[in-house]
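Participant: The following block contains a protein sequence and its predicted model.
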Amino acid sequence: MYRQDLAYIHDTGHADYAIKSAPGILALLAQQALRGGLIVDLGCGSGWSAQAFTQTGYPVLGVDQSEDLLAIARRRVPQATFHRASLYEYPIPTCQAVTSVGECLNYRSEQDFPPLGGSQQLLTSLFQRIFQALIPGGLFIFDIAEPGQLTTPGAVKTFTEGDDWLVLVEKAEDPVRAVLTRRIITLRRVNNTYRRDDEVHTLQLYPASTIAKQLEQSGFEVQLTTCYGDFVLPPAHSVLIAHKPT
Ligand SMILES: C[S@@+](CC[C@H](N)C(=O)[O-])C[C@H]1O[C@@H](n2cnc3c(N)ncnc32)[C@H](O)[C@@H]1O
């Protein structure tokens, strides 16, 4: 997932989400007087959030499973630390905040997830580990994609283009299993020819209220919203702000 060409395209063409969410996240940290302590960014991608956090004075540890995205992140933010791991397995160190921007917790991979239906258990154990890792007063801030990604039945095909790339996406939502499948074809210009790659991303969709309850059961106080500061997420997405009580 997120092999070389999609990693490049995500970094150059889809950086908006991470760049626009950062000021809102930093404002939440400042409101809680969380300054200068470690931020662990789960699903850090190519390091756009890590760059914004680092520039504001936070040490950052980024975790992602894509080596190709991490290679870009390491070049972008040499002063941050990046690890290749599944966020469901990585031992999260003591920190002031945990962030996860851009639907990272929706992604299903066969190696992490038991057959469909077992996802909630995996999230519960992740939430418990994050709760343990956070200092009292610490924040866990992330967004999720919810059921209802597609408003019409059947598959939807779209494309996006950049100077030297084209990406074609076919999306289909299974409302019974609450699963979104994205079939992604990338075309990237390399040595005057266009190189093709194909990926399939499977996302388990969760109602935000269900996730909020799970967080509360793990000990967090939870606030649900649809924006990071001024940056309003697309429809059927929510931001969860989970606070570890002091
Ligand atoms: C839509 S991208 C968002 C990346 C970055 N946070 C951003 O906003 O640009 C989702 C990210 O989650 C990562 N990811 C998905 N499942 C993961 C897992 N189980 N462990 C680690 N990273 C994961 C992907 O590799 C990808 O970088």
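Facilitator: In hand now; what should we look at?

Participant: Leaving out sequence neighbours, find the closest residue to the most centrally placed residue in the chain.
Facilitator: The centroid of the chain falls nearest to C104 when counting by C-alpha atoms, centre = their mean (3.0 Å). Distances taken as C-beta to C-beta, 6 or more residues apart in numbering place G43 nearest to C104, at 2.7 Å, with adjacent residues excluded. Bear in mind the C-beta positions are built from the backbone N, C-alpha and C, glycine included.

Participant: For T158, see how far away the one you found is.
Facilitator: 23 Å (C-beta to C-beta, to the nearest Å).

Participant: Distance from stretch 80-89 to the middle of the chain?
Facilitator: The chain centre lies 13 Å from the centre of stretch 80-89; the measure is C-alpha atoms, centre = their mean, to the nearest Å.

Participant: Please apply the same query to stretch 5-23.
Facilitator: Counting by C-alpha atoms, centre = their mean, stretch 5-23 comes out at 11 Å from the chain centroid.

Participant: So what touches it?
Facilitator: Here stretch 5-23 makes contact (C-beta atoms under 8 Å, 6 or more residues apart in numbering) with 2, 45-46, 48-49, 52-53, 66, 68-69, 71-72, 101-102, 143, 160, 162, 165, 167, 184, 186, 188, 195, 197, 199, 228-231.

Participant: buried sites along it?
Facilitator: 5-11, 14, 17-18, 20-22 (16 or more other C-beta atoms under 10 Å).

Participant: Also stretch 61-75?
Facilitator: Neighbour-count burial for stretch 61-75 [16+ other C-beta under 10 Å]: 61-66, 68-74.

Participant: can you list the residues of this structure near the ligand?
Facilitator: 1-2, 17-18, 43-45, 48-49, 63-66, 69, 86-88, 101-104, 107, 109, 112 (C-beta under 6 Å from any ligand atom).

Participant: Mind checking which of the residues you listed land in helices?
Facilitator: Among the residues of the chain next to the ligand, the ones falling in helices (DSSP state H) are Y17, A18, W48, S49, L69.

Participant: Take these and write them to JSON lines, including pLDDT.
Facilitator: Below are those laid out as JSON lines (pLDDT from 0 to 100):
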{"residue": "Y17", "pLDDT": "96"}
{"residue": "A18", "pLDDT": "98"}
{"residue": "W48", "pLDDT": "98"}
{"residue": "S49", "pLDDT": "98"}
{"residue": "L69", "pLDDT": "98"}
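
Participant: got the phi/psi numbers for Q132?
Facilitator: Per-residue torsions, Q132: phi -60, psi -40 (degrees, to the nearest 10).

Participant: For it, list the residues it contacts.
Facilitator: For Q132, the contacting residues are I92, by C-beta under 8 Å, 6+ apart.

Participant: ok, now the one 3 residues further on?
Facilitator: For I135, the contacting residues are G37, T94, C95, Q96, K244, taking C-beta under 8 Å, 6+ apart as the criterion.

Participant: Filter the residues you listed down to just the buried residues.
Facilitator: Buried members of the contacts of I135, scored by 16+ other C-beta under 10 Å, are G37, C95, Q96, K244.

Participant: need the contact list for L87.
Facilitator: L42, G43, V63, D64, Q65, S100, C104, L105, L126.

Participant: Please read the previous query as pertaining to Q51.
Facilitator: R76, V77.

Participant: How far away from the center of its chain is the helix or strand containing it?
Facilitator: Secondary structure from DSSP states H and E places Q51 in helix 48-55. The chain centroid and the centroid of helix 48-55 are separated by 15 Å, computed with C-alpha atoms, centre = their mean.
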